[in-house]
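Sequence and predicted structure are below.
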Amino acid sequence: MAVGAEGRWEPAIGDPTVVGWVTVGLYVVAALLALRCARRASAPLEFRFWAVATVVLILLGFNKQLDLQTLIVQIGRDVAFRQGWYDRRRDAQALLIGLLVAGGLAMTGLLYWISRTLPAATRTATAALVLLTAFIVLRGVSFHHVDQIVGSNIEGIRYNWILEITPLALFIGAAWQRRARWTAGTSGGARHAGETAALARRRAAGGRGRPDRIKAGGRPPPA
C-alpha cells in the first residue's frame, strides 16, 4: 500500500515484494493474451469483451502498485470529516458493501446472459474478470472486517494473494485455451486448403497427360 508516514496515500510502489511483482507480471500476461484474443475474435460481442478486458487488466495492473483505491477511500474520509459524518462512516461502508454485492450479483447475471452464446473459454474468462474486479473493489472499501479477513494468512500465505492470483490464473488459462482453439482452427484450415490444392494439381496433371497418351498410341492404356 502506497501510504506515507502520516497514514495518507502517496505516489509510490505499493507492494514491492516478490509476490507483488509476480502479480503485476500476471496482469501483464493476462492483458497481452486478452489483446491477442481481441485481435482474433470475429464475433462483435466477443471482440468487445476481450477489448474491454485488455483495458481493465492494464488499469488493474497499474493499480496493483499505485493502490489507487486507497486514494479514493482517503478522499471519501476527507469529505466525511468536512461534512461532519465521519463517526457514522461504518453505516455508509456497510451500505456501500451491500450495494456492491447486489450490483456484482446483478452484473454477473447480466454478463452470463449476454455471454451465453460465446465459447466456454470466453465465458470462463468473463467470470474470472468479474471475480477479480469484485475483489479489488471490495478491498478498496476498507471495511474493518474485510481488512481483517483479507490481511490474515494461513501457513504464511495471505488470503489477499489467493483472492487476487486465483482469478488471474483462471483468466490466463481461459484466454490461452481460447487462443489455442483459434490457432488450431487456422492451422487445420490451412492444412486442408493445401491438401485440396495439391489434389487439384494432381488431377489437372493427370487430365493433361491422358489425351497425349491416347494420341500417341492410338488407344488409351489398359486400366
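That came through fine.

For residue 43, give its distance to residue 101.
For residue 43, the distance to residue 101 (C-beta to C-beta, to the nearest Å) stands at 31 Å. In this view, the C-beta of every residue, glycine as well, is placed from N, C-alpha and C.

hang on, I meant residue 185
From residue 185 over to residue 101 the distance is 39 Å, taken as C-beta to C-beta.

Just confirm residue 24 contacts residue 60, I think it does.
No: counting by C-beta atoms under 8 Å, residue 60 is not a contact partner of residue 24; they are 9.7 Å apart.

So these two - more neighbours on which side?
When neighbours are counted by other C-beta atoms under 10 Å, residue 24 and residue 60 differ, and residue 60 comes out ahead with 21 against 17.

Now do the helix or strand containing that one: which elements does it pack against?
Using DSSP states H and E, the element containing residue 60 is helix 44-66. Counting contacts by 3 or more C-beta pairs under 8 Å, 6 or more residues apart in numbering; DSSP states H and E, helix 44-66 is packed against helix 18-40, helix 120-141, helix 159-217.

How many neighbouring residues does residue 77 have?
Residue 77, neighbours per other C-beta under 10 Å, totals 14.

Which pLDDT value belongs to it?
Listed pLDDT for residue 77 reads 78.

now do residue 110
pLDDT recorded at residue 110 is 83.

Provide a list of residue ranges in this protein with pLDDT below threshold.
Under the criterion pLDDT under 70, the flagged ranges of the chain are 1-12, 14, 140-156, 186-200, 206-223.

Surely residue 51 touches residue 38?
Yes: taking C-beta under 8 Å as the definition, residue 51 is a contact partner of residue 38 at 4.6 Å.

picking up where we left off before, would you mark the buried spots in the helix holding residue 60?
46, 49-51, 53-54, 56-58, 60-61, 63-66 (16 or more other C-beta atoms under 10 Å).

Equivalent analysis for stretch 87-104, please.
89, 93, 96-97, 104.

How many neighbouring residues does residue 123 have?
Residue 123 has 17 neighbours, counted by other C-beta under 10 Å.

Residue 112 is in contact with that one, correct?
Yes: shown here, residue 123 and residue 112 form a contact pair, counting by C-beta under 8 Å, at 7.4 Å.

Return the distance of the strand or helix carrying residue 113 from the chain's centre.
Taking DSSP H and E as the definition, residue 113 sits inside helix 89-114. Between the centre of helix 89-114 and the centre of its chain there are 20 Å (C-alpha atoms, centre = their mean, to the nearest Å).

Residue 120 versus residue 20, what's the distance?
Using C-beta to C-beta, residue 20 is found at 32 Å from residue 120.

cool, residue 69 as well?
Residue 69 is 32 Å from residue 120, by C-beta to C-beta.

Over to residue 41?
In this structure, residue 41 and residue 120 are 15 Å apart, going by C-beta to C-beta.

again, but for residue 106
As judged by C-beta to C-beta, residue 106 and residue 120 stand 23 Å apart.

cool, and residue 159?
For residue 159, the distance to residue 120 equals 29 Å [C-beta to C-beta].

same deal with residue 104?
Residue 104 sits 22 Å away from residue 120, going by C-beta to C-beta.

which residues sit in contact with residue 175?
30, 33-34, 36-37, 50, 121, 125 (C-beta atoms under 8 Å, 6 or more residues apart in numbering).

Residue 131: neighbouring residues, count only.
By other C-beta under 10 Å, neighbour count at residue 131 equals 19.
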